[in-house]
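*Asks:* structural data only, the sequence is not supplied:
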């Protein structure tokens, strides 16, 4: 059973992922305690947990803030994420069972429904399930754990990507190719497709930085 600080940590992590708490935003323990009707102790514990995940920065005598990644850090982290996904995909293509293929197809269909509804928030959550099944399908628990950690660290930025015009349709089309490659057992093609699916470069990187800038401006103005 989760304790209060773990529940708060999940809530705050979700608020950060969906942009309710933006990169660079100060996290006041007193305000958060009042907001959630708890003492400062579980809030502080939740912030420490988030800091251990790299999602929050704890500064001596200055409190906590939502971690803010610079452009170079984002590029580097997405590069690593792309390789994690490629490795997971390569193994999943070799190791997933027929039952796991069926689960992946179900998750893929859920993404299609969110795409058709033009709902980037719903697609965001369905997309997480889709990628999580590929991590699990690698049948390498250490790799899946590391991929999941970095995926969570990049959640706010991956969500922003889905708000770029036409990205939902493009993302789903890329998923479709990945699913077929996995079912066909083609590990190298799966790895290549997932690497390209995750990498941010060129126009995709420019779009992400522009979206991030708008988020920070709107938060500062609020």
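*Replies:* Okay, I see it. Treat the numbers as computed from the prediction; the structure is a model and nothing was measured.

*Asks:* all contacts plus neighbour counts: C-alpha atoms, from now on.
*Replies:* Fine.

*Asks:* low-confidence ranges, the chain, go.
*Replies:* 1-2, 201-203, 212-222 (pLDDT under 70).

*Asks:* skipping its backbone neighbours, what lies nearest the residue nearest the centre of it in space?
*Replies:* Centroid-nearest residue in the chain: residue 155, 2.6 Å away (criterion: CA atoms, centre = their mean). Leaving aside its chain neighbours, residue 155 sits nearest to residue 17 (5.4 Å; criterion: CA to CA, 6 or more residues apart in numbering).

*Asks:* which parts of stretch 142-157 are buried?
*Replies:* Within stretch 142-157, the residues that qualify as buried are 143, 144, 147, 148, 150, 151, 152, 153, 154, 155, 156, 157, counting by 16 or more other CA atoms under 10 Å.

*Asks:* out of those, which is nearest to residue 25?
*Replies:* Of all the buried residues of stretch 142-157, residue 156 has the smallest distance to residue 25: 13.3 Å, by CA to CA.

*Asks:* got the contact list for the closest one?
*Replies:* 16, 17, 18, 19 (CA atoms under 8 Å, 6 or more residues apart in numbering).

*Asks:* reformat the buried residues of stretch 142-157 as TSV; add distance to residue 28 and secondary structure.
*Replies:* Converted to TSV, those look like this (distance: CA to CA, whole Å; DSSP: H, G, I helix; E, B strand; the rest coil):
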residue	distance to residue 28	secondary structure
143	35	helix
144	34	helix
147	30	helix
148	28	helix
150	26	helix
151	26	helix
152	23	helix
153	21	helix
154	23	coil
155	22	helix
156	20	helix
157	23	helix
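
*Asks:* shouldn't the residue nearest to the centre of the chain be in contact with residue 19?
*Replies:* No. Using CA atoms under 8 Å as the test, residue 155 is too far from residue 19 to be in contact (9.9 Å).

*Asks:* name the helix or strand for residue 65, please.
*Replies:* strand 63-66 (DSSP states H and E).

*Asks:* tell me the strands beside that strand, with direction?
*Replies:* strand 26-27 (antiparallel), strand 56-59 (antiparallel) (DSSP bridges).
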